[in-house]
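Undergrad: Prediction below, plus the sequence it came from.
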Amino acid sequence: MSIWLASNPWLTVVYGIIVLAIVACVVVFTPWSIALFTFREGLRKKTLIGFLILSILVIFGSMFMTAMMYDTGGTVATDVDVKLIKDICITAVSIFGVLIAIFISASVVPTEIENKVIYTVLSKPVRRFQYLLGKFVGVQITVLVNLLLMGVLFSIALYIKEPIFPRMLLYSIFLTYFEFLIVSAFTFAVAAASTSAVLPTIAGLFIYITGNLTQYLESVVNRSEVSENAADKALGWIAWVLRYTLPDLQNFSLKTQILGLQINDTPKDIQIPNLVVYGMLYALAGYIIAYWVFRRKEL
Amino acid sequence: MKRFPNLILALLTIAALALGALQGYRVRNLREADAFYRWLVTASTQLRVFGTITPELETEEAERFMDRELFDRVADKADNTLPDTPVLEDDVDDATGEPYPKLVRYTRTLSTGSLSEENESSGAAIKANPEQVKRDAEVWRFARSDALAQERADFIKFRREKRLATVGNQIGVADIYRNQETPVSIGQMFLGFRKLAAGLVWIQVDEAFHTGDVQRMVPLMRTTVLLDPNFVDAYLIGAWHLAYNLTAQMPETPEYKKDYIPQDCDWVGNKERAYYAAVNFLKDGIRNNPRDYRLYFDLGYAIYAEKLHDHMNAVTYLTEATKQRHESWVRRMLYHNLQANGQFEEARAGWEDYLRANPGHAVAQRMIPINTALIKERDAEEFGAKADKMALQAKQARADGQEAQAAQLDTEAEELGKQKDALLAEARNIYTELNATEAKGDQFAQARLWRMHALELHKEGRTLEALALLRQARMEVSTFFDEASDMIIDMCIKADLPLNVSERKRLIEIQQTREARAAKPIDIATRLFQYNAAEDVWRQDGYENQQTTVLTPASKTLAALRKDQPVIDQFIGLGDNVFFELSGQWYEFHKTTRLGNT
C-alpha cells in the first residue's frame, strides 16, 4: 500500500489534474483588479522595501566576505569563494524573502479592515472568496516580484565571480517560491481571522520555524515505539499525525543542494515537480482555511 | 455548499491537508530514494576500486555492518531489472578479467574519451557523456522502483541503526544529522541553512590558517564537513592543511622510532599520523562525493605519491580519478606514478594514448622513449640476475665434477649476458638520443646514463671512479640523489671503502631500525610476523622454505589479491620484503626497484 501511494503513476496523473484545476480556478475566479491593487500597495510598503535593501546589501556583501579569503593552495583548483557566495545569497534570499512573504500576507487583510477600505470593496459585486483570492494572488505577485528581483541580483553577484549562466539558480529560486507559498498561505489564514497585523506576523514566523522542525516529530515517534508507557504511545500517535499532516519545509532544502549540483549527481527531474505540487496543495489548504474563517467574519 | 457550508469547508480543508500529507509522503519517499541512490553509487565505486565495499573495516568489525549484504541484494535485482548493455573495456575488472556486476557497470562514470588538453579543459568537455546520463537515469528509476521497496526500507533502518559504514562514518557524519534517533539534528537547528553555517565555519578555518592557529583548524574543518558533507573544497583544502601545513614544522621521526599501525598499513611517526589523518579525511569525502575526481586525485597524488611515496595506492586512486570526469593533468600524473610503481608498459601505453589526443605534446613525446628504455633496463636486470644465478650453478656443477652440465650452464649464462648487454645498449642509445635532443640535455636521461656508466666502472673494478661519478651526478640531478646515495653506500661496503659522515649516519640509522624491528614481532590478523635483520625480510611464523608466488607492486596478481583480500595491504606494508600465507598459499612480496623513480 505504502509503495502504491509513493510511486503510483495514476496518482501522479490525479495530482496533475488537481494542480491544473487549482490554476484554472485561480485564473478564472481571481478579481485581477484587486490582485493588482494589492500588488501596487505591497510595493509601496516601507518594511518590504527595507527588507529588499537589506537582502541586496547581504547579497553583494557576500562578495566582500569571500574577497578577504586567500588562496590556500593545494594541487587542484577550488571554488570555495563561489560556494560561499551561493550559500550566503540563497540564505539571504530565503530569510528576507520569507520575511517579506510573512509581512505582506499578515498585513493585507487586517490593514484593509483597519482603514475600512474593505467595506467599500465588499459593497461591490465581489464575493468574499473572490475578495480573498484577489488579495492572496496580489500577495503572491508581490512575493514573486521581490523574489525575482533578489534572484537577478544574486545571479549578477555570481556572474561577476564566475562568468557562467547560473542555470541551477533558476530552479533554486523557483523552489524557494513554493516554500514561501506554504508559509504565506497559512499566515494569510491567520490574518483572515485577525484584525491586526501583529498576531499573523508572529504566527507566520512560528509557522516557518515549526515547518522546519517537523522532522523532530519523527524521533518522537521512534522513541514512543520503544516505550511501554501508554502516555508515550499516545504522544507518539499525536506526533505521527502531526508529522504527516504539517508541512515539512525541510523538503525544500533541495534548493540549496541543487546549487552545488555536480554533473553526475542524482537526477532531480521528478523531485522538483513533486515539490511544486506539495507546495500548491498546502497553499490550497491554507486558502480554504482562510476563507472558512473569513466567510462569516463580523466586519 | 449553501446548506452545510461549514461541513463542506471542513471536508475540503481535510481533503487538501490529506492530499498534501500524501504528497509529503511521496516527496519523503523520493528523498529517501535519493539517499539510497547516492549510497548505491558510493558502494559500487568502493567495490570497483577496492573489491570490497568497506575496505577500512576489520573482519570482526565488518560483521556488524550490513553494507555488503544489502548491496548484494540490490545487485542481484539489478541483474534482472536493468536493461542489458554491451560490456565496455572499462567494465571489466582488471584484476580478475571478469565483467563487473551490472549495477557497478551502470553506476561507474563513463569516460569522455581521449580528449585533447584544449577540449578537456573547455566547457565542451564538462558536458556529461550522453550514455552516462541515460545510465544514471536508469539507476535512479531503479533506485526508486517498487522492486527495491524492501531494500530501501532496510537502507533507512540500517542507516538509523548505524549499521552502514559507507554513509560516512569516519567523523560521525551518520551519527549526527542522518540519524533519526538523534533528538535534534544539526540540519534542523540551522533551519535548513547548514550549508551557510558550514561556509561561516570555513571562514574561521581560513582565518586560523593565516594567523598560524593550526591546532584550531582541525576541529573546525571537521565541523565544516559535518555540516556540509558535499563541501568538496573543504575536504581538499582540509587534507592539504593536514598533510602539508600542519607537518611543515614537525621534525621527522627516525625510522626506528616509528610504530606499525595495521589500519594505515604503514610504519607511522608524527608526520605520518597527520598524513593518514588527511587520507582518512579524503576517504570520507569520497564516501560522500564518490564522483568528484579531485578527491581521488588529491588522495592519490598529493598524499600517497608526494607525501607517503606509496605509488601503488597512488596508482589506485589516480586510476579512479581518470575514470571520473577530469582535467588533463590527472592522466599525466597517473602515468608518472605508473612509471614510479614499475608499471612501465602501462605508463608507455598511457603516454601513447595521450600523444594521440594531443599531437606534439612535449612531455608525452619524452616519456614514451623513457619508459621504453626503462623496460629494457628492467629486462636487462632480470637477464643479468638469471645469468649470475646460472654462473653460480655452473660453478657448483663444476665443483661437483659435472663438467658437461657446467659447460651448458655457462653457455646459457653467456647467452643471457649477451641479451642483457644488448638491452642495455639499446636503453643507452635511447637515453643518449633523448639527451641530445634537448639543448641543456635531459636530466632523467643523463642520470640514467651516469648510473649505467657507474655500474660498468664498478664492475670493471674502477670503484673510485664510479663513486666520483655518482657523487657528482647526485648533485647535478636532484631527483637522482636518493638512488645514487644508496648505490654509493652499497659500492663502498662491497669494495671495503670508507664512508663519509652522512653515509655512516644513514647506515647507523638503518642498523638501529633493523634492530628495533627484529626485537618486536608484529601481530596482524592473527598472524605473527618476525623480522630477520640480516636479510631485511619479514616472515610470517610457519614459513619453512615453502613454494612461494613472487609479488611486486607492479604485478597484476597483487592487484587482484588486494581486491580479493584487502588484509594483504597490512602484510605488505611491513617492509620491502615480506613472506606471508593467504588462503593456504605462500607469497613473497618485494618492493625493491627504484627504476623509474628518478
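TA: Received the coordinates, thanks. Residues are numbered from 1 along each chain as shown, chains lettered A, B, ... in the order given.

Undergrad: contacts and neighbour counts: CA atoms only from here.
TA: OK.

Undergrad: what's the nearest residue to B:D442 once chain neighbours are set aside in contact with, if anything?
TA: The shortest distance from B:D442 to any non-neighbouring residue, by CA to CA, 6 or more residues apart in numbering or on different chains, is to B:N435 (4.6 Å). Neighbouring residues of B:N435 by CA atoms under 8 Å, 6 or more residues apart in numbering or on different chains: B:441-443, B:445-446.

Undergrad: so B:N435, which of the three states?
TA: Under DSSP: H, G, I helix; E, B strand; the rest coil, the three-state class of B:N435 is helix.

Undergrad: Equivalent analysis for B:V578, please.
TA: B:V578 falls in the strand class when you classify it by three-state DSSP.

Undergrad: Can you report how many residues neighbour it?
TA: Other residues near B:V578 number 23, with proximity taken as other CA atoms under 10 Å in any protein chain shown.

Undergrad: Surely it touches B:W538?
TA: Yes. Counting by CA atoms under 8 Å, B:W538 is a contact partner of B:V578 at 4.6 Å.

Undergrad: longest helix in chain B, by residue count?
TA: Longest helix of chain B, by residue count under DSSP state H: helix B:5-50.

Undergrad: And the residue nearest to B:T319 when sequence neighbours are not counted, its phi and psi?
TA: Once flanking residues are discounted, B:T319 sits nearest to B:L334: 6.6 Å by CA to CA, 6+ apart. Note on B:L334: its backbone torsions stand at phi -60, psi -50 [degrees, to the nearest 10].

Undergrad: tally of neighbours for B:L334?
TA: Using other CA under 10 Å, B:L334 has 27 other residues around it.

Undergrad: That one: what's it in contact with?
TA: By CA under 8 Å, 6+ apart, B:L334 lies in contact with B:314-315, B:318-319.

Undergrad: Helices along the stretch 101-250 of chain A, start to end?
TA: Ranges of helices within the stretch 101-250 of chain A are A:117-122, A:128-161, A:167-193, A:198-213, A:216-226, A:230-245, based on DSSP state H, counting those that start in this stretch.

Undergrad: Show me what the fourth one is in contact with.
TA: Helix A:198-213 has contacts (CA under 8 Å, 6+ apart) with A:99, A:102-103, A:106-107, A:183-184, A:186-188, A:190-191, A:194, A:246-250, B:188, B:191-192.

Undergrad: quick one, what contacts the residue nearest to the spatial centre of chain B?
TA: Central residue of chain B (CA atoms, centre = their mean): B:N313, 2.3 Å from the mean position. The contact partners of B:N313, taken as CA under 8 Å, 6+ apart, are B:300, B:304-305.

Undergrad: could I get these as a markdown table with neighbour count?
TA: Shown next, in a markdown table, are those (neighbours: other CA atoms under 10 Å in any protein chain shown):
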| residue | neighbour count |
| --- | --- |
| B:G300 | 31 |
| B:Y304 | 22 |
| B:A305 | 23 |
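
Undergrad: Most tightly packed of the helices of the stretch 101-250 of chain A?
TA: Comparing the helices of the stretch 101-250 of chain A by mean neighbour count (mean count of other CA atoms under 10 Å in any protein chain shown), helix A:167-193 comes out on top with a mean of 24.

Undergrad: and A:A24, how many residues sit next to it?
TA: Neighbourhood size, A:A24 [other CA under 10 Å]: 12.

Undergrad: which SSE is it in?
TA: helix A:9-29 (DSSP states H and E).

Undergrad: can you give me the angle the following helix or strand past that helix makes with helix A:9-29?
TA: Using DSSP H and E, the next helix or strand after helix A:9-29 towards the C-terminus is helix A:32-44. Per axes from the mean of the first three to the mean of the last three CA atoms, to 10 degrees, the angle that helix A:32-44 makes with helix A:9-29 is 90 degrees.

Undergrad: Would you indicate which residues of helix A:32-44 are buried?
TA: Buried positions in helix A:32-44, judged by neighbour count with 16 or more other CA atoms under 10 Å in any protein chain shown: A:32, A:34-36, A:38-39, A:42-43.

Undergrad: Verify the stated contact: B:D310 with B:A302.
TA: No. Applying CA under 8 Å, one finds B:D310 not in contact with B:A302, separated by 10.9 Å.

Undergrad: B:Q343 versus the closest residue to chain A within the stretch 401-550 of chain B, what's the distance?
TA: Nearest residue of the stretch 401-550 of chain B to chain A, counting by CA to the nearest CA: B:T479, 20.2 Å away. According to CA to CA, to the nearest Å, B:T479 and B:Q343 sit 19 Å apart.

Undergrad: okay, the two: which has more neighbours?
TA: Legend: neighbour count by other CA under 10 Å for B:T479 and B:Q343, higher for B:Q343 (23 against 15).

Undergrad: how far does whatever helix or strand the residue nearest to the centre of chain B lives in sit from the chain's center?
TA: Using DSSP H and E, B:N313 maps to helix B:311-323. How far helix B:311-323 lies from its chain's middle: 5 Å, per CA atoms, centre = their mean, to the nearest Å.

Undergrad: Kindly report the same for stretch A:245-260.
TA: That offset, for stretch A:245-260, works out to 10 Å (CA atoms, centre = their mean).

Undergrad: for that stretch, how far is the first residue from the last?
TA: The separation between the terminal residues of stretch A:245-260, taken as CA to CA, is 31 Å.

Undergrad: That stretch near chain B at all?
TA: Yes. In terms of CA under 8 Å from any CA of the partner chain, part of stretch A:245-260 sits within range of chain B, namely A:245-248, A:250-251, A:253, A:256.

Undergrad: Now list the buried members of those.
TA: With burial judged by 16+ other CA under 10 Å, the buried subset of the residues of stretch A:245-260 next to chain B is A:245-248, A:250-251, A:253, A:256.

Undergrad: mind listing what B:T247 touches?
TA: By CA under 8 Å, 6+ apart, the contact set of B:T247 is B:271, B:274.

Undergrad: separation between it and B:A278?
TA: 11 Å.

Undergrad: Around residue 289, how many other residues sit close by?
TA: All of this is about chain A. Using other CA under 10 Å, A:I289 is surrounded by 24 other residues.

Undergrad: sorry, should have said chain B
TA: When neighbours are counted by other CA under 10 Å, B:N289 registers 23.

Undergrad: again with B:Y235
TA: By other CA under 10 Å, the residues close to B:Y235 number 26.

Undergrad: On the C-terminal side of the helix or strand where B:A447 lies, identify the next helix or strand.
TA: Under the criterion of DSSP H and E, B:A447 resides in helix B:443-459. The C-terminal neighbour of helix B:443-459 among helices and strands, as given by DSSP H and E, is helix B:463-476.

Undergrad: report the angle between the axes of that next one and helix B:443-459?
TA: If you take the same axes, to 10 degrees, helix B:463-476 sits at 170 degrees to helix B:443-459.

Undergrad: CA atoms only for helix B:463-476, dumped as CSV, please.
TA: Output of helix B:463-476 as CSV, limited to C-alpha atoms (Å, rounded to 0.1, in the frame of the first residue of the first chain):
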residue,chain,number,x,y,z
THR,B,463,85.0,1.7,-8.0
LEU,B,464,86.7,5.0,-7.0
GLU,B,465,85.8,6.4,-10.5
ALA,B,466,82.3,5.1,-10.2
LEU,B,467,81.9,6.8,-6.8
ALA,B,468,83.3,10.1,-8.0
LEU,B,469,80.8,9.9,-10.9
LEU,B,470,77.8,9.1,-8.7
ARG,B,471,78.8,11.8,-6.2
GLN,B,472,78.8,14.4,-8.9
ALA,B,473,75.7,13.0,-10.6
ARG,B,474,73.5,13.2,-7.4
MET,B,475,74.4,16.9,-7.1
GLU,B,476,73.7,17.6,-10.7
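
Undergrad: Report the rounded mean pLDDT for it.
TA: Mean per-residue pLDDT for helix B:463-476: 91.

Undergrad: Contacts for that helix next, please.
TA: Helix B:463-476 has contacts (CA under 8 Å, 6+ apart) with B:447, B:450-451, B:453-455, B:457-458, B:480-482, B:484-485, B:488, B:491, B:495.

Undergrad: what bits of the stretch 51-200 of chain A have low per-residue confidence?
TA: A:66-78 (pLDDT under 70).
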